[in-house]
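Novice: the following block contains a protein sequence and its predicted model.
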Amino acid sequence: MPRIAPVSTDTAAPEAANLLSAVKQKLGLVPNLYATVAHSPKALAGLLQLTESLGAGALSAKTRERIALAVAERNGCDYCLSAHTALGKRAGLSEAEIHSARVGRSAEPKEGAAIAFARALVEARGGVSAQDVAAIRNAGFSDEQIVEIIANVALNIFTNYLNEALDVVIDFPRAPALNAA
C-alpha cells in the first residue's frame, strides 16, 4: 500500500492536473510515479522537464534505458526496474541486453563503459575517481555525454528514492528477479 496515494487529474492541483493530462496524452496512461509526484506540481514539472530535455540530448534512448536499469538495480527499486524493462524493450533492448544492464555489463564496450560509470557514480555517491572519468572518456564519450550520464543517474536516483520511500504501487509488468531472468 502506498504511503502517499497517487492523485488523479480530478483531484490534483490545476497545474499538476494539466501536467498529468499531458502525460496521459503522451503515454496513453498516467503511471503511478507521476501521479504520486503530482502532489508537488513543481516537482512534477521538474521531473517532466528534465526527462524531456535528456530525451532530446546526446545519449541514445538505449543508453538512457541501460543507465536507468543499472541504477534501479543498484538501488533496489522494483518500480523503476519494471518501468525501465518495459521502456527498454520499447527502445529496442533485448531481454539479454536488459539483463546485462541490470548486472552492470553490456556486450557493446562503449555501452558497458556508460553502465560502469553510472554504477560508479551511485556507489561512490558522485565521488568517482579521476580514473573513472578517464575511462569514460577513453570509451569515446564527450564531455557533453559525460554530463548527461550524470544527469540521467541523478534523475533515476530521484525516481528510485521516491518510489522506494513512498512504496509506489508498480503499474507496469513486474520485472523478473535477476536469478529468474
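Specialist: Cool, got the structure. Numbers count the residues shown, from 1 in each chain.
Novice: the residue of the chain most remote from its centre and residue 35, how far apart?
Specialist: Going by Cα atoms, centre = their mean, the residue of the chain most distant from its centre is residue 10, 27.0 Å out. Separation of residue 10 from residue 35 (Cβ to Cβ, to the nearest Å): 11 Å. C-beta here means a position set from N, CA and C on the backbone, and glycine is covered the same way.
Novice: show me the contacts for the closest residue in space to the residue farthest from the centre of the chain that isn't next to it in sequence.
Specialist: Leaving aside its chain neighbours, residue 10 sits nearest to residue 17 (7.6 Å; criterion: Cβ to Cβ, 6 or more residues apart in numbering). Residue 17 makes contacts with 9-10, 38, as judged by Cβ atoms under 8 Å, 6 or more residues apart in numbering.
Novice: could those be laid out in a markdown table, adding distance to residue 89 and secondary structure?
Specialist: Below are those laid out as a markdown table (distance: Cβ to Cβ, whole Å; DSSP: H, G, I helix; E, B strand; the rest coil):
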| residue | distance to residue 89 | secondary structure |
| --- | --- | --- |
| 9 | 27 | coil |
| 10 | 31 | coil |
| 38 | 26 | coil |
